[in-house]
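Colleague: How does the following fold in three dimensions:
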Amino acid sequence: MRVLVLYNPSAGERRLDGAAIRALFEAEGYAVAWRDVKTHRVEAADADGVDLVVVAGGDGTVGKAVRVFAGMGIPLAIVPLGTANNTARSLGLGGDPFEIARAFASRTADCMERGLDVGTATGPWGARVFLESVGVGAVAELISVGAAADMGFAERQRFAREAPGAFLRTAPTRRWRLAVDGAPLPEALVLVEVLNMPLAGPGLPLDPGGAPDNGLLDVAYLRPGDRDALADWLDGPRTGWPAGIELVRGRHVAFDWEGGPLRIDDDFPDPPAGGAAHVEVTLAPQPMRALIPKPGGMP
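Modeller: Now for the predicted structure:
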């Protein structure tokens with residue numbers, strides 16, 4: 001069997017060297033195709049003849065793999081090495097990355113498959129695939145600022161803990177004329193996150209009841225009068241439902257974007273020039289195949 005390993009050497013704390021991942025799969029008899037995503041542009045041809053794609057990195061690396069390999073029917077295995085690891089955590093993947101990789105290497109005994117929904121955001125940029133969320137408002141601005149900053153692992157963790165509440169308290173109120181399955185939502189909002197999983201950005205649990213395989217988009221939004229409640233919740237232990245967040249689920253989301261950051265996962269399209277841009281968000285009819293360890297499949 002042949003496995004493609006996509007490895008980000010600068011992800012997270014760099015707790016797991018790429019050579020160790022490669023050795024695990026080679027020891028199980030796999031032929032390993034190796035790609036360092038910092039030096040190699042991932043392309044569909046990389047998966048020719050491949051039985052499994054292993055992504056060893058953070059959410060950005062997972063997103064790269066999904067954008068390239070979505071629709072190809074190849075199972076995806078995530079070894080979470082990043083700071084937030086939203087996708088891995090949403091699939092129930094946590095703990096020692098080495099043990100997770102070892103479970104994937106012996107997949108016939110220790111692993112099973114789960115669906116992973118894939119979304120498409122259509123606007124002036126065309127159609128772009130996303131995995132985590134499409135967002136406008138305070139969270140999108142927070143992520144934009146964090147992405148532009150040169151931070152190490154500890155600094156990113158501190159930013160994820162301390163910055164969200166501060167951003168919310170000063171974020172402007174905007175009007176996006178948002179509709180979910182044709183039903184309009186309140187116009188004046190501080191943030192909108194069209195979520196494909198429970199977590200967004202720097203590990204923000206905006207949708208505790210969400211799932212990456214329910215075939216629905218979960219639209220989390222915040223009214224101006226609830227900003228302080230959510231900011232206080234984010235500054236605290238973040239248990240229970242996020243204070244102030246309202247949620248509606250659907251299959252088609254549309255809104256008008258006039259300005260301010262808009263994010264499609266970790267991509268930030270240029271703002272529209274001369275008027276509002278219409279944006280539509282949907283899910284692909286078929287999810288990706290995600291490999292996860294069986295209960296008891298890891299030491």
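
Colleague: Below-threshold pLDDT in the protein: ranges please.
Modeller: The chain contains residues with pLDDT under 70 at 12-15, 108-109, 296-299.

Colleague: so where do the helices sit in it?
Modeller: 18-27, 59-69, 86-90, 97-105, 107-110, 138-148, 153-170, 227-235 (DSSP state H).

Colleague: For the fourth one, which residues meet the burial criterion?
Modeller: This points to helix 97-105. 97, 100-105 (16 or more other CB atoms under 10 Å). (Glycine included, C-beta is placed from N, CA and C.)

Colleague: name the helices or strands packed onto it?
Modeller: Using 3 or more CB pairs under 8 Å, 6 or more residues apart in numbering; DSSP states H and E as the contact test, the elements touching helix 97-105 are helix 18-27, strand 52-57, strand 76-80, strand 288-293.

Colleague: Tell me the gap between the second one and the middle of its chain.
Modeller: To tie it back to what came earlier, the one meant is strand 52-57. Distance of strand 52-57 from its chain centroid, counting by CA atoms, centre = their mean, to the nearest Å, is 15 Å.

Colleague: Excluding its own residues, what touches it? List them.
Modeller: 1-8, 11, 16, 18, 21, 25, 30, 37, 47, 61-62, 65, 69, 74-79, 81-82, 97, 101, 104, 107, 291 (CB atoms under 8 Å, 6 or more residues apart in numbering).

Colleague: before we move on, what about the first one?
Modeller: Outside helix 18-27, the residues within contact range by CB under 8 Å, 6+ apart are 3, 5, 7, 9, 32, 34, 36, 54, 56, 79, 98, 101-102, 105.

Colleague: Mind giving me the PyMOL command for buried ones among those?
Modeller: Buried residues within the contacts of helix 18-27, by 16+ other CB under 10 Å, are selected in PyMOL with:
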select buried, resi 3+5+7+54+56+79+101+102+105
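
Colleague: Cross-check the contact I'm expecting between Asp36 and Val5.
Modeller: No - Asp36 lies out of contact with Val5 (CB atoms under 8 Å); the separation is 9.5 Å.

Colleague: which residues does the residue nearest the centre of the chain contact?
Modeller: Among the residues of the chain, Glu132 comes closest to the average C-alpha position under CA atoms, centre = their mean, at 3.1 Å. Glu132 makes contact with 59, 63, 86-87, 195-197, 199-200, 265, according to CB under 8 Å, 6+ apart.

Colleague: List just the nearest of those residues to Ala284.
Modeller: Distance to Ala284, by CB to CB, is smallest for Asn196 among the contacts of Glu132, at 10.5 Å.

Colleague: any chance of the helices and strands packed on helix 97-105 in CSV, plus distance to Ser144?
Modeller: CSV is the format used below for the helices and strands packed on helix 97-105 (distance: least, CB to CB, whole Å):
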stretch, distance to Ser144
helix 18-27, 30
strand 52-57, 21
strand 76-80, 23
strand 288-293, 26
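
Colleague: which one of these lies closest to Met112?
Modeller: strand 288-293 (6.4 Å).

Colleague: got the contact list for the closest one?
Modeller: So strand 288-293 is contacted by 52, 66, 69-70, 73-78, 91-93, 100, 103-104, 107, 110-118, 212 (CB under 8 Å, 6+ apart).

Colleague: Can you flag the buried ones in those?
Modeller: By 16+ other CB under 10 Å, the contacts of strand 288-293 give 52, 66, 69-70, 74-78, 91, 93, 100, 103-104, 107, 110-111, 114-118, 212 as buried.

Colleague: Tell me the one of the contacts of Glu132 nearest Ala127?
Modeller: Using CB to CB, the contacts of Glu132 come closest to Ala127 at Asp265, 13.8 Å.
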